[in-house]
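**Student:** 3D, please:
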Amino acid sequence: MAQGTVQVTHTGTSRWRRRTGEYASLAAALEAAADGDVLTVAAGTYRENLVVQRAVTLRGPEGSPGSVRIAPVDGVPLTVRASATVQDLHVEGQDAAAPALLVEEGAPELVDVRVVTRSAAGIEVRGGARPTVRRCTVDNPGGVGIAVLDGGGGVFEECEVVAAGQAGVAVRSGAHPRLERCRVHHTSGSGLSVTGEHTGLEAVGCEVYEVKGSGVQVTGRAAAHLTDCDVHRTTSDGVTLDTDAVLTLADCRIHDIPENAIDLRSRSVLTLTRSTVRQFGRNGLSVWDPGTRVDANQCEIHDSTGDYPAVWVSDGATAVLDGCRVHDVPDALFVLDRGSRVDVVDSDLSQVRNTAVSVSDGATAQLDDCRIREAATGAWFRDHGSGGTLANCTVDATQTGVIVTKGADPTIERCTVTSPAEAGFYVSAGGRGSLTGCRVTGSGGYGFHVIDGCRTTLKKCRTERCARGGYEFSEDGPLVEDCTSDESGGIRPGGTTSATEPAVQTATQSVGLLSAVPDQRPTATPAPAPSRTSQDVLGELDALVGLESVKREVRALTDMIEVGRRRQKAGLKAASVRRHLVFTGSPGTGKTTVARLYGEILAGLGVLEQGHLVEVSRVDLVGEHIGSTAIRTQEAFQRAQGGVLFIDEAYALSPEDSGRDFGREAIDTLVKLMEDQREAVVVIVAGYTAEMERFLSVNPGVASRFSRTITFSDYVPEELLRIVEQQADEHEYRLASGTPEALLKYFTALPKGPAFGNGRTARQTFESMVERHAGRVAQVDEPSTDDLTLLYADDLPELP
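**Tutor:** The predicted model follows:
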């Protein structure tokens with residue numbers, strides 16, 4: 001029963017069909033009305049399911065917005081199937097399986113309509129419908145705010161979704177709507193969701209905020225284009241792209257995001273122009289998987305609120321930054337994994353707490369005409385297969401300008417490092433690289449510091465005003481040609497400089513012998529490597545093959561320590577975190593390597609003074625007579641002051657048939673020292689899993705001193721293959737076609753008994769392959785480059 005009357009006014013020219021009058025129900029009025037008629041609805045509540053099938057105007061009384069309520073018990077309250085006008089109505093639905101306002105056909109206009117409902121959708125547009133929706137509001141905590149489906153379209157102007165139980169605006173199945181100056185907020189799903197092939201969305205001047213999900217989600221080959229939009233205050237990622245999605249953001253602002261500001265993967269493509277990304281908890285840009293690509297032009301990424309890199313590119317993805325600014329972040333750009341690539345042109349990376357550019361695990365980075373300043377490390381090429389190019393870049397006010405380690409091989413041309421605290425360029429641990437026309441000015445340490453016999457090439461480089469000297473090389477070091485220095489660092493150890501010597505000296509070498517480099521220092525007392533932040537070391541940990549559970553455990557413990565440190569700094573109580581650890585697992589699973597990195601992490605956090613590793617076993621701690629064991633244990637503990645004491649095969653201190661064994665004395669001394677000097681030394685005990693469990697169970701005094709046990713699992717065949725590949729890259733060999741598959745079969749069939757060495761076995765396998773390769777190639781009179789580098793399946797050793 002209607003609670004009001006409807007006045008129908010005929011506006012046409014047909015005099016013989018006059019329909020002006022009042023009707024007791026909306027249904028009756030709609031039945032009587034023809035195209036062009038105006039239906040003015042009196043204030044009241046109408047429990048009817050209305051269907052508008054003619055081009056009429058259906059409106060509430062003037063001056064009383066919201067006074068007409070369309071509120072049936074179930075079903076769709078209002079369905080529009082014509083190019084009608086609907087204005088000033090309040091629509092309420094209660095059917096969870098149906099929309100409150102359904103537009104199925106035509107190009108109607110919906111103006112100042114308020115939908116308050118608990119329906120499947122507040123407004124649903126489908127099929128060939130192309131409505132114009134102006135100043136409409138949707139409040140639907142039971143479902144989707146606005147749904148555009150099945151090829152539907154239309155324009156939504158100045159509309160607002162004030163609440164939605166699912167997505168605020170959902171577009172799928174080939175639909176293509178346009179949003180102008182709309183607001184979407186307080187949704188329980190994504191703010192804007194675009195899904196499915198041939199589906200698209202265009203949004204201009206819109207705002208998405210306070211959503212319990214991603215602000216914008218584009219998936220399944222869908223496409224979207226956002227211009228001058230704001231996305232902020234989400235509970236998940238700001239923008240998410242997945243599975244061949246395509247998105248363009250122009251003049252947009254993504255900010256106040258607790259997770260990734262923008263995350264894309266699975267061959268998705270993002271074009272980002274003149275947009276700002278700020279105040280994000282994880283990555284500003286997170287780019288994953290082969291075929292996934294970001295092109296950012298004239299964008300700004302800044303003010304991270306978390307401890308993650310601003311730009312993360314991995315698993316074969318690609319990112320291009322042109323004319324961008326990245327600043328006030330923990331790390332600016334991390335690119336990792338073989339096939340991953342970043343190209344950065346004419347961009348600024350500044351005020352970076354840790355590393356501005358990190359390249360690892362076979363990735364490539366190309367930086368041209370870029371400016372890096374105020375970072376702990378300017379650029380770090382970390383490991384085997386990692387490389388790229390730095391050209392015409394400047395690095396200013398860093399601890400270390402450029403670091404190259406562990407077989408990385410970048411090309412660095414015409415770059416200038418100004419005022420580094422420790423070194424301009426630092427190469428160690430098998431790093432390579434080619435440096436041409438580079439310059440270091442005002443270093444607090446060395447200009448070019450190359451150690452460990454690294455075969456770096458330096459051509460036409462120059463240093464000026466370096467406090468400890470322009471060049472510091474190990475004896476069998478880099479290849480140097482036409483390099484100069486003003487030698488203003490003063491008299492260096494082992495050398496003499498007279499007042500009459502020229503201010504500029506030149507070194508020219510063609511065979512890599514460095515005796516002619518000006519006033520070369522002796523290598524007996526090499527300078528310490530530049531200190532690294534905890535995040536830098538965690539990056540090296542993450543680059544290790546396998547060990548995923550170990551990485552999670554170490555990162556979780558590191559996070560606890562870091563937060564405790566920050567709470568103390570803020571004057572708050574910090575939970576007590578015991579830093580001593582138990583490592584269990586088979587030999588060759590990386591326990592010693594992780595222990596070394598853990599010490600560096602704690603040093604980076606300021607928990608330990610040095611973070612160095614002292615490795616001992618039973619033979620180093622247990623003496624042959626009463627009293628000598630305590631002395632040996634104390635001496636080992638003293639050597640580890642400020643670092644980590646790593647006790648391998650610790651269970652041997654307490655053998656099952658101990659009798660009068662002096663190992664008990666070592667354990668008692670160790671427990672006391674751990675208590676008396678608990679802030680000065682971190683102790684890690686390690687060994688086989690079962691033996692360590694027995695050791696801890698029979699020595700409760702020891703067990704109580706350790707915070708947690710971290711288990712190192714055996715490597716699977718795929719991880720062993722990856723280690724061999726790294727070894728091959730480091731030593732400039734290649735695996736021929738079919739060799740990786742043969743290695744997988746070999747490692748799968750290899751007996752995994754007590755003698756199995758895990759990572760050590762992988763390295764030994766590689767060494768055996770190299771030996772067999774040498775025996776084969778030695779018989780070739782004039783071997784080609786392929787002959788000298790390719791390892792074949794036949795080079796594999798026999799299974800034991």
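**Student:** going forward, measure contacts and count neighbours with C-alpha atoms only.
**Tutor:** Noted.
**Student:** who are the contact partners of Gly196?
**Tutor:** 172-174, 219-222 (Cα atoms under 8 Å, 6 or more residues apart in numbering).
**Student:** pick out the most distant pair among those residues.
**Tutor:** Gly174 and Thr219 (12.6 Å; Cα to Cα).
**Student:** between the two, which is the more surrounded one?
**Tutor:** The neighbour comparison of Gly174 against Thr219 (other Cα atoms under 10 Å) goes to Thr219, with 26 against 21.
**Student:** hey, what's the more buried one bridged with?
**Tutor:** Per DSSP bridges, the residues bridged to Thr219 are Thr195, Asp242.
**Student:** surely it touches Ala245?
**Tutor:** Yes. Counting by Cα atoms under 8 Å, Thr219 does reach Ala245; the two are 5.1 Å apart.
**Student:** ok so, going back, I'd like the contacts of Gly196 as CSV, with distance to Gly606 and pLDDT appended.
**Tutor:** Shown next, in CSV, are the contacts of Gly196 (distance: Cα to Cα, whole Å; pLDDT from 0 to 100):
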residue, distance to Gly606, pLDDT
Arg172, 52, 96
Ser173, 55, 95
Gly174, 56, 96
Thr219, 44, 97
Gly220, 46, 95
Arg221, 48, 96
Ala222, 48, 97
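**Student:** Thr748 versus the closest residue to Leu735 other than its chain neighbours, what's the distance?
**Tutor:** Leaving aside its chain neighbours, Leu735 sits nearest to Leu791 (5.0 Å; criterion: Cα to Cα, 6 or more residues apart in numbering). Distance of Leu791 to Thr748, given as Cα to Cα, to the nearest Å: 19 Å.
**Student:** so between these two, which is more surrounded?
**Tutor:** Using other Cα under 10 Å as the criterion, Leu791 and Thr748 rank with Leu791 on top: 25 against 14.
**Student:** gap between the more buried one and Gly738?
**Tutor:** 10 Å.
**Student:** mind listing the shared neighbours of these two?
**Tutor:** With contacts taken as Cα under 8 Å, 6+ apart, Leu791 and Gly738 have no neighbour in common.
**Student:** quick one: end-to-end distance for stretch 245-262.
**Tutor:** 13 Å.
**Student:** and the residue nearest to Leu735, what pLDDT?
**Tutor:** pLDDT for Leu791: 90.
**Student:** that one contacts Pro740, correct?
**Tutor:** No. Using Cα under 8 Å, Leu791 makes no contact with Pro740, being 9.9 Å away.
**Student:** so Leu390, which of the three states?
**Tutor:** Put simply, Leu390 is strand when judged by DSSP: H, G, I helix; E, B strand; the rest coil.
**Student:** I'd like to know how far it sits from Cys324.
**Tutor:** From Leu390 to Cys324 the distance is 16 Å (Cα to Cα).
**Student:** same deal with Thr305?
**Tutor:** Taken as Cα to Cα, the span from Thr305 to Cys324 is 20 Å.
**Student:** including distance to Ala147, could the contacts of Gly196 go into JSON lines?
**Tutor:** Below are these laid out as JSON lines (distance: Cα to Cα, whole Å):
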{"residue": "Arg172", "distance to Ala147": "8"}
{"residue": "Ser173", "distance to Ala147": "11"}
{"residue": "Gly174", "distance to Ala147": "12"}
{"residue": "Thr219", "distance to Ala147": "16"}
{"residue": "Gly220", "distance to Ala147": "17"}
{"residue": "Arg221", "distance to Ala147": "18"}
{"residue": "Ala222", "distance to Ala147": "15"}
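**Student:** among those, who's most crowded?
**Tutor:** Busiest of these [other Cα under 10 Å] is Ala222, holding 29 neighbours.
**Student:** how much space separates it from Asp361?
**Tutor:** Going from Ala222 to Asp361 by Cα to Cα gives 32 Å.
**Student:** quick check, central residue of the chain?
**Tutor:** Central residue check for the chain by Cα atoms, centre = their mean: the C-alpha nearest the mean position is that of Trp312, 4.0 Å away.
**Student:** contacting residues for it?
**Tutor:** Counted by Cα under 8 Å, 6+ apart, Trp312 has contacts 283, 285-287, 333-335.
**Student:** which residues does Ile372 contact?
**Tutor:** Contacts of Ile372 (Cα under 8 Å, 6+ apart): 348-350, 356, 378, 393-396.
**Student:** just the pLDDT for it.
**Tutor:** 98.
**Student:** dump the strand or helix carrying it to CSV, restricted to CA.
**Tutor:** Assessed by DSSP states H and E, Ile372 sits inside strand 371-381. Output of strand 371-381 as CSV, limited to C-alpha atoms (Å, rounded to 0.1, in the frame of the first residue of the first chain):
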residue,chain,number,x,y,z
ARG,A,371,72.3,12.0,-8.6
ILE,A,372,72.8,10.0,-5.3
ARG,A,373,73.3,11.9,-2.1
GLU,A,374,73.1,11.5,1.6
ALA,A,375,73.1,7.7,1.8
ALA,A,376,75.0,5.1,3.7
THR,A,377,76.0,3.4,0.4
GLY,A,378,75.4,4.9,-3.0
ALA,A,379,75.3,1.7,-5.1
TRP,A,380,76.1,-1.9,-4.1
PHE,A,381,76.6,-4.6,-6.7
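**Student:** in its sheet, what does that strand sit against?
**Tutor:** strand 348-360 (parallel), strand 394-405 (parallel).
**Student:** could I get these as JSON lines with mean neighbour count and mean pLDDT?
**Tutor:** What follows is the strands paired with strand 371-381, written out as JSON lines (neighbours: other Cα atoms under 10 Å; pLDDT from 0 to 100):
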{"stretch": "strand 348-360", "mean neighbour count": "26", "mean pLDDT": "94"}
{"stretch": "strand 394-405", "mean neighbour count": "26", "mean pLDDT": "94"}
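**Student:** so can I have a markdown table of those showing distance to Leu458?
**Tutor:** Below are these laid out as a markdown table (distance: least, Cα to Cα, whole Å):
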| stretch | distance to Leu458 |
| --- | --- |
| strand 348-360 | 21 |
| strand 394-405 | 13 |
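**Student:** grab the longest helix from the protein for me.
**Tutor:** The residue-count maximum for a helix in the chain (DSSP state H) belongs to helix 548-569.
**Student:** whichever helix or strand comes after it vs helix 548-569, what angle?
**Tutor:** Where DSSP H and E defines the elements, the next helix or strand beyond helix 548-569 is strand 581-585. Orientation of strand 581-585 against helix 548-569 (axes from the mean of the first three to the mean of the last three Cα atoms, to 10 degrees) gives an angle of 170 degrees.
**Student:** averaged pLDDT, the helix or strand just after strand 581-585. What do you get?
**Tutor:** Sequence-wise, the next helix or strand downstream of strand 581-585 (DSSP H and E) is helix 591-604. Mean pLDDT, helix 591-604: 86.
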